[in-house]
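In: Return a 3D structure for these sequence lines:
(2 chains)
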There are 2 protein chains.
Amino acid sequence: MALIVHKYGGTSMGSVERIQNVAKRVAKWMKAGHQVVVVPSAMSGETNRLLGLAKEINPNPDPRELDQIASTGEQVSSGLLALALQAQGVGAVSYAGWQVVIKTDSSYTKARIQGIDGEKVLGDLKAGKAVVITGFQGVDEIGNITTLGRGGSDTSAVAVAAALNADECLIYTDVDGVYTTDPRVCEDARRLDKITFEEMLEMASLGSKVLQIRSVEFAGKYRVKTRVLSSLTDPLMSLEQEMSSGTLITFEEEETMEAAVISGIAFARDEAKITVLGVPDKPGIAYQILGPIADANIDVDMIIQNQSVDGKTDFTFTVPRGDYQKALDLLKSKVQAHIQAKEILGDPKVSKVSVVGVGMRSHVGIASKMFRTLSEEGINIQMISTSEIKISVLIDEKYMELAVRALHKAFELDQK
Amino acid sequence: MALIVHKYGGTSMGSVERIQNVAKRVAKWMKAGHQVVVVPSAMSGETNRLLGLAKEINPNPDPRELDQIASTGEQVSSGLLALALQAQGVGAVSYAGWQVVIKTDSSYTKARIQGIDGEKVLGDLKAGKAVVITGFQGVDEIGNITTLGRGGSDTSAVAVAAALNADECLIYTDVDGVYTTDPRVCEDARRLDKITFEEMLEMASLGSKVLQIRSVEFAGKYRVKTRVLSSLTDPLMSLEQEMSSGTLITFEEEETMEAAVISGIAFARDEAKITVLGVPDKPGIAYQILGPIADANIDVDMIIQNQSVDGKTDFTFTVPRGDYQKALDLLKSKVQAHIQAKEILGDPKVSKVSVVGVGMRSHVGIASKMFRTLSEEGINIQMISTSEIKISVLIDEKYMELAVRALHKAFELDQK
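Out: Next up, the predicted model:
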């Protein structure tokens, strides 16, 4: 007997029939003798409907009230799932985040989980019930409802699994696992049976949208064995078959030992690049450039500062394309004259492509293989950034698909 | 400065535009210097939509889960109203029942309020905020969400007004007050400026659906000055005009002194009558007949037992028409032989008509005037039942409208 946490996304909960399918799948696990906690998202479209009403009423809505409103979507889907489980002959009870309690900070619409009290849930499991817990939400210290941001139900599920010391967290979604790269860009993309937590973190942060990045951080911090798998399969397939499907996020050393050198090619299409030329090379200059950008809530990703020549240097960084014009205007109006920069240049049509893999720690030559591959395709590299397990390059957007496909082939990701 | 509780029904909250109108009205009260607590229902249709989903998934739904699901309707409307108030430049915060706290027993779908903690709300009011509290719901001792049953938001509003010691509770609805009888049946029906709590109780229990009966009980118990008025008027009408509209439920002796002898004609159309003939007149016989009916959750209203002749008596009672066949079958299969009753007769097409008024306490002749009026119209009285402030008769359904109109005229209810 194991304690398993299931998480189902909005598409999997999108209709009465789909909720009934989820209930059949959970009932199968219960009847095989396992304890199951289920964390569902709101029925697909519901969160958007609620936030749409709120914004129609108030274009500048108070985030506290948004959370009061948006959190109801999961409360409804959780109650419906409990009813569907009962219709399958399985004892079930649903709890909103505040009932569990899932304690968070007070950052409305993007709260962080601080702790989960598992006592009530463990009592219900012991009594043979399936426990349904609303994803996406919690409650702060003084009883205000909070939500965790888009995709927050993934984080809820992993955090609940950590708090209950669950044997495994199964994230059911509308894709059947994590791929070596996006199959829409490269048709040879292959589902990975396993991926390490660190690789998953890089893949998630680099734009593979299978899991919310905070859920991966949680899985890593608390070593929650997490599997991403499809909710669109036959709900009554055998448990053995089900547990060998999808992609498992691993932490075990022996498992990472078997891992390939490179696990996947990640990419972020909509990047933009800004270069400040002729900046005096003195302490505090990076802060003077990036401070106003950060104050305007613009995410800065890659940052490069070249060796200075004659006391002057060039400073380049990337921002999401949607923030490009705003960042450029800020620099020209508030920074350029102040720091006596010679010129400010920009390019809003660049993309980032990365190779990711824990294996590159112990293998030399990954970078040179990557650069050679791109060079052979005639793709110019504009910026380079590296971490322990990934190498990212910035290239002209029009070459992005070509770069992904070429790298996927060069690192033999199409072969098991 | 006064502390006022406003309650708005589902129709008044039925669209973005209507919610904005409610906000305008509340903002007007706030700007005039009053403290306002608002108790809204769910947007019209929402509770039915949620319960419909639940019953589609499970025809025999667990009432606890129904309450988890149905309670979200008010949480959404309350959050939206808080946002609409903020858009009007009024500080506002919304609370679900469990956040207030509104404590109830654990009778899911028909819970009763046990207590309300007003501290948080009074703090917000002091800080100049409008406070929006979900109607229809509360939380039991161990943190389960409960709902108060259909129309429960009226009870929430009056209970909140009692707990906060509010100066007045304004129940905004889609009718503009309490009428001498249903205007759809009698075109001479007239709005009452005032009605005593006891009369309102009889009117509510006898089928005038303006207020949930429990809210009237609450208003009486805690002497909450309650006014029923229209939400469809101009939200920016003057406060003086607004406070002289609708119908005020009074408790003051001097006010009841001025009251008319009869305040209104109430009726219940869909009644059914069952008579058990030739019942042995011995202790326990009423229980033997009505026990199985009560066990089947069928409401019994009027009950009459005649003087016995030769140790035998006849026993007659009324039930809602929808339960008629079930009650008849129960009696024939489980009771008749057991108590050796001679025969069981029934009539599913009867209606109850009542005259109500605190004035009849001190006036003789109300009953004879009522009976004479019906007799002059050729309407046969099948059963009679009386209380301190009402006289009810059971008549053939086909005469109901005629009886209501004749009584309305005879008691001069069309005249102020």
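In: Which secondary structure state does whichever residue of the stretch 251-400 of chain A sits closest to chain B sit in?
Out: The nearest approach of the stretch 251-400 of chain A to chain B comes at residue A:297, 21.9 Å away (C-beta to the nearest C-beta). C-beta coordinates here come from the backbone N, C-alpha and C atoms, glycine included. Three-state call for residue A:297 (DSSP: H, G, I helix; E, B strand; the rest coil): coil.
In: and it, how many residues sit next to it?
Out: Here the number of neighbours of residue A:297 (other C-beta atoms under 10 Å in any protein chain shown) works out to 8.
In: what's the answer for residue A:123, then?
Out: When neighbours are counted by other C-beta under 10 Å, residue A:123 registers 11.
In: what helix or strand is it on?
Out: helix A:119-126 (DSSP states H and E).
In: what's the spacing between that helix and its chain's center?
Out: For helix A:119-126, the gap between its own C-alpha mean and the chain's C-alpha mean amounts to 29 Å (C-alpha atoms, centre = their mean, to the nearest Å).
In: Stretch A:341-350 now?
Out: When C-alpha coordinates are averaged (C-alpha atoms, centre = their mean), stretch A:341-350 and its chain have centres 29 Å apart.
In: May I have it as CSV, with CA atoms only?
Out: What follows is stretch A:341-350, C-alpha atoms only, in CSV (Å, rounded to 0.1, in the frame of the first residue of the first chain):
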residue,chain,number,x,y,z
ALA,A,341,26.5,56.0,-22.4
LYS,A,342,27.4,56.5,-26.0
GLU,A,343,24.5,54.7,-27.6
ILE,A,344,21.7,52.3,-26.9
LEU,A,345,20.9,49.6,-29.5
GLY,A,346,18.3,46.8,-29.5
ASP,A,347,16.9,43.9,-31.4
PRO,A,348,13.4,42.6,-30.6
LYS,A,349,13.6,39.5,-32.8
VAL,A,350,15.9,37.1,-31.0
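In: which residues sit against that stretch?
Out: With C-beta atoms under 8 Å, 6 or more residues apart in numbering or on different chains as the contact definition, stretch A:341-350 has outside contacts at A:271-279, A:312, A:318, A:321, A:324-325, A:328, A:331-332, A:335-336, A:382, A:394-398.
In: where along the stretch 101-250 of chain A do the strands fall?
Out: In order along the chain, the stretch 101-250 of chain A carries the following strands (DSSP state E, counting those that start in this stretch): A:102-104, A:113-116, A:130-133, A:137-139, A:145-147, A:168-173, A:194-196, A:226-230, A:247-250.
In: mind checking which of those is nearest residue A:303?
Out: Comparison of the strands of the stretch 101-250 of chain A against residue A:303 by C-beta to C-beta identifies strand A:194-196 as nearest, at 26.2 Å.
In: Adjacent strands (with direction) for the closest one?
Out: When sheet partners are counted by DSSP bridges, strand A:194-196 sits next to strand A:247-250 (parallel).
In: mind checking how far the strand it pairs with is from the chain centre?
Out: For strand A:247-250, the gap between its own C-alpha mean and the chain's C-alpha mean amounts to 14 Å (C-alpha atoms, centre = their mean).
In: Next up, the contacts around residue A:155.
Out: With contact taken as C-beta under 8 Å, 6+ apart, residue A:155 is in contact with A:113, A:148, A:212, A:214-215, A:218.
In: Give me the distance between it and chain B.
Out: Relative to chain B, residue A:155 is positioned 22 Å away (criterion: C-beta to the nearest C-beta, to the nearest Å).
In: quick one: pLDDT of that residue?
Out: The predicted structure scores residue A:155 at 95 on the pLDDT scale.
In: can I see the domain layout of chain A?
Out: A:3-257, A:265-410 (automatic domain parsing).
In: near chain B, which residues of the stretch 1-150 of chain A show up?
Out: Applying C-beta under 8 Å from any C-beta of the partner chain, one finds that the stretch 1-150 of chain A approaches chain B through A:16, A:19-20, A:50, A:53-54, A:56-58, A:61-62, A:64-66, A:68-69, A:71-72, A:75-76, A:78-80, A:82-84, A:86-87, A:93-94, A:96, A:98-99, A:143-145.
In: Surely residue A:164 and residue A:5 touch.
Out: Yes - distance between residue A:164 and residue A:5: 7.1 Å, which falls inside the contact criterion (C-beta atoms under 8 Å).
In: any shared contact partners between the two?
Out: Overlap between the contact sets of residue A:164 and residue A:5, as judged by C-beta under 8 Å, 6+ apart, is given by residue A:37.
In: And these two? Which one has more around it.
Out: In this comparison of residue A:164 against residue A:5, neighbours counted by other C-beta under 10 Å, the higher total goes to residue A:5 at 28 against 21.
In: Make sure that one is actually in contact with residue A:157.
Out: Yes - in this structure, residue A:5 sits in contact with residue A:157. The criterion is C-beta under 8 Å, and the distance is 5.5 Å.
In: what do those two both touch?
Out: Taking C-beta under 8 Å, 6+ apart as the contact criterion, the residues that touch both residue A:5 and residue A:157 are A:39, A:169.
In: Of the strands of the stretch 101-250 of chain A, flag the one that's most buried.
Out: Stretch with highest mean neighbour count among the strands of the stretch 101-250 of chain A: strand A:145-147 (a mean of 30; mean count of other C-beta atoms under 10 Å in any protein chain shown).
In: Tell me which other helices or strands it touches.
Out: With contacts defined as 3 or more C-beta pairs under 8 Å, 6 or more residues apart in numbering or on different chains; DSSP states H and E, the secondary structure elements packing on strand A:145-147 are helix A:63-70, helix A:97-100, strand A:137-139.
In: Figure out which of those is closest to residue B:247.
Out: For the helices and strands packed on strand A:145-147, proximity to residue B:247 was assessed by C-beta to C-beta; helix A:63-70 is nearest, at 33.1 Å.
In: buried residues in the closest one?
Out: Within helix A:63-70, the residues that qualify as buried by neighbour count (16 or more other C-beta atoms under 10 Å in any protein chain shown) are A:63-70.
In: what's the residue closest to the geometric middle of chain A?
Out: residue A:212 (2.6 Å; C-alpha atoms, centre = their mean).
In: ok, now which ones touch the nearest residue to it once chain neighbours are set aside?
Out: Nearest in space to residue A:212, with sequence neighbours left out and distances taken as C-beta to C-beta, 6 or more residues apart in numbering or on different chains, is residue A:151 at 3.4 Å. If a contact means C-beta under 8 Å, 6+ apart, then residue A:151 has A:211-212, A:215 as its contacts.
In: Take those and keep only those in helices.
Out: If you go by DSSP state H, the contacts of residue A:151 have residue A:215 in helices.
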